[in-house]
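Participant: got a sequence here, can you build the structure:
(one chain, ligands or ions: 1)
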Amino acid sequence: MMKIAIMGAMPEEIAPILKIVGDYKTTEYADNTYYEATYKGSELVIAYSKIGKVFSTLTATTMIEHFGCSILLFSGVAGGINPSLKIGDLIVATKLSQHDLDITAFGHPIGFVPGGSVFVETDKELIKIAKDVAVELGKTVQEGIIATGDQFVHDEAIKKKIVDNFNADALEMEGGSVGVVCNALNVPFFILRAISDTADTDASFSFDEFMESSAIISAEFVMKMVDKI
Ligand SMILES: Nc1ncnc2c(CN3C[C@H](CCSCCOCCO)[C@@H](O)C3)c[nH]c12
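Facilitator: Purely as a prediction, here's the structure:
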């Protein structure tokens, strides 16, 4: 039976998922906790990685290589860049970049290192499933570019640099690295985020206020997708 990885970065991003599945087995491995559950006929492995690209790389790799997952769904929150994205709105990543990967000193484009690519593309079949779920739920889900970096962005100038460099619609701290792992291991992946803030000077206050409710919006949507995979 196919195993589906459902990943977040913070406890609040997977808490709604564990609440929906109800019953699960807990396994400690590689300095993290993994939750295994059977949900509507699907085998799930659920975990939050902890914040940032390194921890998310470790968790994505573990879910695939150690637990045998063959699809990865990420659910969480993001900072909105595109003005059309309001708090609580959902964005599905079509592709992701690493906005803080920089060897431009050697003439390479920002986000590029030899052997890599500026963008990693998400799975189109999973995006189609998301679109079907959105229609069923009567919800709007925006597709867009997400930029990933190891910083909580709360600065208009940094936002502008990320737009200029990647034409990003939203930003976060894990999706781009998860995508590199999934592509390298030939695992289809999907990144869904609900907006918690707009990565400006008020971002930390907005994040504190809306992160939990936005995480629930994303988690509940992803769980509707599981039914269709
Ligand atoms: N503006 C923004 N910039 C970058 N990323 C995001 C995201 C997406 N997630 C949320 C979380 C923020 C890390 S700090 C959390 C506070 O810690 C609280 C415990 O001390 C990290 O996993 C990335 C939402 N808004 C963002």
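Participant: for the ligand, what are the nearby residues on this protein?
Facilitator: Within the chain, the residues that sit near the ligand (C-beta under 6 Å from any ligand atom) are 9-10, 51, 76-79, 152-154, 171-174, 196-197, 199, 203, 207. No exception for glycine: its C-beta is placed from N, CA and C like everyone else's.
Participant: which single residue in the chain comes nearest to the ligand?
Facilitator: Gly79 (3.0 Å; C-beta to the nearest ligand atom).
Participant: mind listing what that residue touches?
Facilitator: By C-beta atoms under 8 Å, 6 or more residues apart in numbering, the contact set of Gly79 is 153, 159, 170-172, 195-199, 203, 207.
Participant: for it, identify the helix or strand it belongs to.
Facilitator: Gly79 belongs to strand 71-80 when assigned by DSSP states H and E.
Participant: likewise for Tyr35?
Facilitator: Assigned by DSSP H and E, Tyr35 belongs to strand 32-39.
Participant: which residues in this structure form strands?
Facilitator: 3-8, 25-29, 32-39, 42-48, 71-80, 90-98, 119-121, 141-148, 170-172, 189-197 (DSSP state E).
Participant: which other helices and strands contact the last one?
Facilitator: Packing contacts for strand 189-197, counted by 3 or more C-beta pairs under 8 Å, 6 or more residues apart in numbering; DSSP states H and E, involve strand 71-80, strand 90-98, helix 124-137, strand 141-148, strand 170-172, helix 175-184, helix 203-226.
Participant: follow-up on the earlier one: buried ones among the residues of the chain next to the ligand?
Facilitator: 9-10, 76-79, 152-154, 171-174, 196-197, 199, 203, 207 (16 or more other C-beta atoms under 10 Å).
Participant: would you reformat the helices and strands packed on strand 189-197 as CSV and include mean pLDDT?
Facilitator: What follows is those, written out as CSV (pLDDT from 0 to 100):
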stretch, mean pLDDT
strand 71-80, 98
strand 90-98, 98
helix 124-137, 98
strand 141-148, 98
strand 170-172, 98
helix 175-184, 98
helix 203-226, 98
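Participant: which parts of stretch 178-198 are buried?
Facilitator: 178-183, 187-198.
Participant: quick check: end-to-end length of it?
Facilitator: End-to-end span of stretch 178-198 (C-alpha to C-alpha, to the nearest Å): 22 Å.
Participant: mind listing the residues bridging to the nearest residue to Thr198 once chain neighbours are set aside?
Facilitator: Closest residue in space to Thr198, ignoring its immediate chain neighbours: Gly80 at 4.7 Å, by C-beta to C-beta, 6 or more residues apart in numbering. Beta-bridge pairing for Gly80 (DSSP bridges): Ala170.
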